[in-house]
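[1] Predicted structure and sequence below. I'll ask about it afterward.
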Amino acid sequence: MSVWIGVYAPAGAQGLASALRRFTPDLALAPESVILLDVSASLRLFGGIRALRAQVRRAVGGRPSGPIVSVAASGPAAWMLARSGQGGSALSARALQRVLQHMPLWVAPPARPFLDWFQELGCTTLADLQRLPRVGLKKRCGPALLDWLDQLQQGRHYAFSAPPLVFQAGIELPDHTEHTPALQWAVRHLIQQLCQWLVAHQLDATTLTLLLAHDRHAAFWAEATEQGLQGVAGAAVAAGACSDVYGRVDDAKNTRLDIVLGVPTHQADTLIRLAQEHLNRLVLRASVIAVSLRVSQWQAAQTPSLQLFPEPGGSPQDHARLLALLAARLGADNIQRPVLVADHRPEVAARWIPVGAASSDTALTPPPLPRPAWLLAQPLGLRVRQHRPFYGTPLRLVSAPERLACGWQDGHPVARDYFVAEDDAGICYWIFRQGGAQPQWFLHGLFA
């Protein structure tokens, strides 16, 4: 049994088609903003016709214009039901005849030039048109109209479109909006549409770009409408970049907000939460009339690692998602990470940079020598008892000396001998000795 679903979307059919590819790869962009899906092979996967139609309705729902969804046994019949604006279903010949009893003539494109003539004959529905003599109808209107009527039951061949490797989608708001919480419903719908596109292409997004139009006739919105896409083609954003609290303004009519993910993902919940955090920190310079979403960067989807016993404390992906969420909430400059510096002095061997910033010292590796988990801000002088450094109890040296003689290049030279020392309780310390004939001992760090 052949089953087709038709979706009439007068606004943004191209962008909606990307979201519908998760139900079937056999998708055709029919004339007059109708999307046709051959779901004959997908019925069992999605739980039958009713369950599949309900999922399609949820996938296209949430838009102000409300796309029309229809189900029929042939592609032309599904196109007719969707384009008429009535929707419904016609999965059998008897159901199709009932639908034709109330279907207006204007739905058939070949009949539109002859509507006045049909009106004079008292022919107002497609069922009335079927009852007219076929020979006379062919002489007056040509063979195209009869072929169109026959295809309602017999079907026809459609050229299925290949999915484009670009995602651009947008929503025009009913009225100007001056508060960012009012934009979240539009952003949520766009992200859900994006995630369906990512799943269909087996991709993970790494950087998203939100464009907020402050003018109904903004350049990016007009360009997208001409192309049949409610979106905008923006420049790719360099990895690690992040927007400030005011966003980045491309011109007087558009505001661009870049969202950099801590870990590539196609999960809608993660993307929606990050977008909401960025919107909460954004201060609008003017009211917004349209919202557009574009994927700036993506990569091939990673297969999740399924483990019987998950790692305690979360996976590296969980840690990266947490950092991205904190950066969105607190600001990227307020979340920092340590990086190595090409210097042997412990107090200057590391520095802190924003978590999303790139470092030129990524090739450096820590020395394969014992280093404490806690380094004191200033070395603490130690007393000496019986020729041994004393810190609560006498300390016993348990490692060979490590000589550090450096710092001459910036005018702060040091000459130290570092040791790992242990007290009577077994606690280890990082101490050093400096000086000549009468050396002094200092505590510089504590081991965990």
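    Thanks, I have the structure now.

[2] only C-alpha atoms for contact and neighbour calcs from this point on.
    Noted.

[3] Find the nearest non-adjacent residue to T209, please.
    Spatial nearest neighbour of T209, excluding adjacent residues (C-alpha to C-alpha, 6 or more residues apart in numbering): D258 at 4.6 Å.

[4] I figured the one you found hits T206, correct?
    No. The pair D258 / T206 is not scored as a contact, 10.8 Å apart, by C-alpha atoms under 8 Å.

[5] the more surrounded of the two?
    Ranked by neighbour count (other C-alpha atoms under 10 Å), D258 and T206 place D258 first, with 23 against 20.

[6] How about the secondary structure of that one?
    strand (DSSP: H, G, I helix; E, B strand; the rest coil).

[7] For it, give its distance to L274.
    With distances taken as C-alpha to C-alpha, to the nearest Å, D258 is found 11 Å from L274.

[8] give the contact list for the residue lying farthest from the centre of the chain.
    Of all residues in the chain, Q386 sits farthest from the chain's C-alpha centroid, using C-alpha atoms, centre = their mean; the distance is 66.5 Å. By C-alpha atoms under 8 Å, 6 or more residues apart in numbering, the contact list for Q386 is empty.

[9] Where does pLDDT dip in this structure?
    Filtered on pLDDT under 70, the chain yields the residue ranges 62-65, 163-164, 216-252, 303-317, 356, 359-364.

[10] ok, then the element right after the lengthiest helix in the chain?
    The longest helix of the chain (DSSP state H) is helix 184-201. Going down the chain from helix 184-201, the next helix or strand is strand 203-213, by DSSP states H and E.

[11] Could you list the paired strands of that next one along with their orientation?
    Paired strands of strand 203-213, with direction, are strand 254-265 (antiparallel), strand 288-300 (antiparallel) (DSSP bridges).

[12] now those in TSV, with distance to L376?
    Output for the strands paired with strand 203-213, formatted as TSV (distance: least, C-alpha to C-alpha, whole Å):
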stretch	distance to L376
strand 254-265	31
strand 288-300	42
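
[13] Hmm, D38 and I5 touching each other?
    Yes. I5 lies in contact with D38 (C-alpha under 8 Å); the separation is 6.6 Å.

[14] The two - which one has more neighbours?
    Neighbour comparison, I5 and D38: the larger count goes to I5, with 28 against 22 (by other C-alpha under 10 Å).

[15] Spit out the contact partners of that one.
    I5 makes contact with 36-39, 53, 69-72, 75, 78, according to C-alpha under 8 Å, 6+ apart.

[16] give me that answer again for 7 Å
    I5 makes contact with 36-38, 70-72, 78 under the criterion C-alpha atoms under 7 Å, 6 or more residues apart in numbering.

[17] Distance check, it against D150.
    From I5 to D150 the distance is 19 Å (C-alpha to C-alpha).

[18] quick one: buried residues of stretch 282-302?
    282, 284, 286-298, 301 (16 or more other C-alpha atoms under 10 Å).

[19] now, among the residues you listed, which is nearest to N334?
    L282 (16.3 Å; C-alpha to C-alpha).

[20] Of the strands paired with strand 203-213, which is nearest G407?
    Of all the strands paired with strand 203-213, the one in closest proximity to G407, counting by C-alpha to C-alpha, is strand 254-265 (36.8 Å).

[21] and the direction of that closest one versus that of helix 184-201, what angle?
    Counting by axes from the mean of the first three to the mean of the last three C-alpha atoms, to 10 degrees, strand 254-265 points 50 degrees away from the direction of helix 184-201.

[22] chain center to strand 254-265: distance?
    Distance of strand 254-265 from the chain centroid (C-alpha atoms, centre = their mean, to the nearest Å) equals 8 Å.

[23] which residues in the stretch 201-350 of the chain form strands?
    203-213, 248-249, 254-265, 288-300, 336-340, 350-354 (DSSP state E, counting those that start in this stretch).

[24] So which of these is nearest W106?
    With respect to W106, and counting by C-alpha to C-alpha, the nearest of the strands of the stretch 201-350 of the chain is strand 288-300 at 32.8 Å.

[25] How about residues contacting the closest one?
    Here strand 288-300 makes contact (C-alpha under 7 Å, 6+ apart) with 167-173, 175-178, 190, 202-216, 231-232, 236-237.

[26] List only buried entries from those residues.
    By neighbour count, with 16+ other C-alpha under 10 Å, these hold 167-173, 176-178, 190, 203-216, 231-232, 237 as buried.

[27] I'd like the strands of the stretch 201-350 of the chain as JSON lines, with distance to F442 appended.
    As requested, the strands of the stretch 201-350 of the chain are exported to JSON lines (distance: least, C-alpha to C-alpha, whole Å):
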{"stretch": "strand 203-213", "distance to F442": "48"}
{"stretch": "strand 248-249", "distance to F442": "50"}
{"stretch": "strand 254-265", "distance to F442": "41"}
{"stretch": "strand 288-300", "distance to F442": "51"}
{"stretch": "strand 336-340", "distance to F442": "24"}
{"stretch": "strand 350-354", "distance to F442": "20"}
